[in-house]
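Asks: pasted the sequence and its predicted model underneath.
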Amino acid sequence: MIHASAIVSPEAEISDDVWIGPYCRVGPRVQIGKACRFESHVVVEGPAKIGEGNRFYPFATIGLDPQDLKFKGEETFLTIGNHNIFREYVNVHRGTRGGGGNTRIGDHNFLMAYAHVGHDSVLGNHIIMANAATLAGHVLIEDHATIGAFSGVHQFCRIGMHGYVGGYTVVTKDVLPFSKTVSERNTKAYGPNVIGLERKGFMPQQIKDIKKAFLLLLQSDLNTSQAVEAIKAQVNSPEVQIILDFIEKSDRGVIK
């Protein structure tokens, strides 16, 4: 269903069962998969590929040019997976040549009103971005992470899987997997997000191992390198290995 007031490029590729509501605009080189729904006043520009079952609420802007002064109109892309929700005024920008050229969003993500996904950012699956959460360019968000309302994530930072970033937090380093990270005067990690892990079905022994790793990392007198060696010696689990791998791959350091 395409509303009479919608403007849809003849070069767009749209599945038969897509719903495009009043005053939407879909540009050329946009591919839209099955069962997507655009409520009203949604703007989509390409090149962009959108998967199946996505829902876009009023005034979302998807696939527009990146906010980068180096961008000179070169061809870049946006790729969106399946079953994502983009609420009112969400904006997602295409990539830049310098960042790989492709902004990517996975499956089953929930982006609340006014959330912003900057150029060349990569989102995994089952991520929640609360109202006005903002990702600068080149940000990586791993599966099941939550970014609280009005939080800002600096360029090139990573949010580890199941990481929880509290509201109004300024993230300038990588956020550890499974952690709760919240700004007060300084941004700090406050240990594992135990309640969140329990809700996600983590077993007591898994949570115990994660808590042991965080105890050594955050509450001992060891520096990060020493804590990593202590964790390797004392705790052996797949979840803890995820934390160790995350730390060792960090270019900007991790929040402690």
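Replies: Looks like it arrived, so ask away. Residues are numbered from 1 along each chain as shown.
Asks: in the chain, where's the longest helix?
Replies: In the chain, assigned by DSSP state H, the helix with the most residues is helix 204-218.
Asks: which secondary structure elements does that helix contact?
Replies: Judged by 3 or more Cβ pairs under 8 Å, 6 or more residues apart in numbering; DSSP states H and E, helix 204-218 is in contact with strand 187-192, helix 194-199, helix 224-234, helix 238-248. C-beta here means a position set from N, CA and C on the backbone, and glycine is covered the same way.
Asks: how about the ones you listed, which one is nearest G95?
Replies: Of all the helices and strands packed on helix 204-218, it is helix 238-248 that lies closest to G95, at 23.7 Å by Cβ to Cβ.
Asks: what stretches of the stretch 1-150 of the chain score poorly on pLDDT?
Replies: Under the criterion pLDDT under 70, no range of the stretch 1-150 of the chain is flagged.
Asks: just the buried positions in the longest helix of the chain, please.
Replies: Buried residues in helix 204-218, counted by 16 or more other Cβ atoms under 10 Å: 206-207, 209-210, 212-218.
Asks: same check, this time on stretch 47-57
Replies: Applying 16+ other Cβ under 10 Å to stretch 47-57 flags 47-57 as buried.
Asks: inside strands: which ones of those?
Replies: Of those, the ones assigned to strands by DSSP state E are 48-50, 55-56.
Asks: what is the nearest of those to D68?
Replies: Nearest to D68 among these, with distances taken as Cβ to Cβ, is A48, at 17.1 Å.
Asks: who's the closest one bridged to?
Replies: Beta-bridge pairing of A48 under DSSP bridges involves V30, L78.
Asks: if we can go back for a sec, averaged pLDDT, the longest helix of the chain. What do you get?
Replies: What helix 204-218 shows for mean pLDDT is 93.
Asks: and that helix, how far out from the chain's middle?
Replies: Here helix 204-218 is found 25 Å from its chain centre; the criterion is Cα atoms, centre = their mean, to the nearest Å.
Asks: what's it in contact with?
Replies: Contact with helix 204-218 is made by 176, 178-179, 189-192, 194, 197-198, 202, 222, 224, 227-228, 230-231, 234-235, 237, 239-240, 243-244, 256, as judged by Cβ atoms under 8 Å, 6 or more residues apart in numbering.
Asks: next one: T169 from V92, what distance?
Replies: 21 Å (Cβ to Cβ, to the nearest Å).
Asks: neighbour count: those two, which is higher?
Replies: Taking neighbours as other Cβ atoms under 10 Å, T169 and V92 compare with V92 leading, 26 against 23.
Asks: grab the nearest non-local neighbour of that one.
Replies: Leaving aside its sequence neighbours, V92 sits nearest to V117 (Cβ to Cβ, 6 or more residues apart in numbering; 4.4 Å).
Asks: is the one you found in contact with N109, as I believe?
Replies: No. In this structure, V117 is not within contact of N109 by Cβ atoms under 8 Å, at 9.7 Å.
Asks: now for these two: what residues contact both?
Replies: Contacts common to V117 and N109, judged by Cβ under 8 Å, 6+ apart, are 123, 129.
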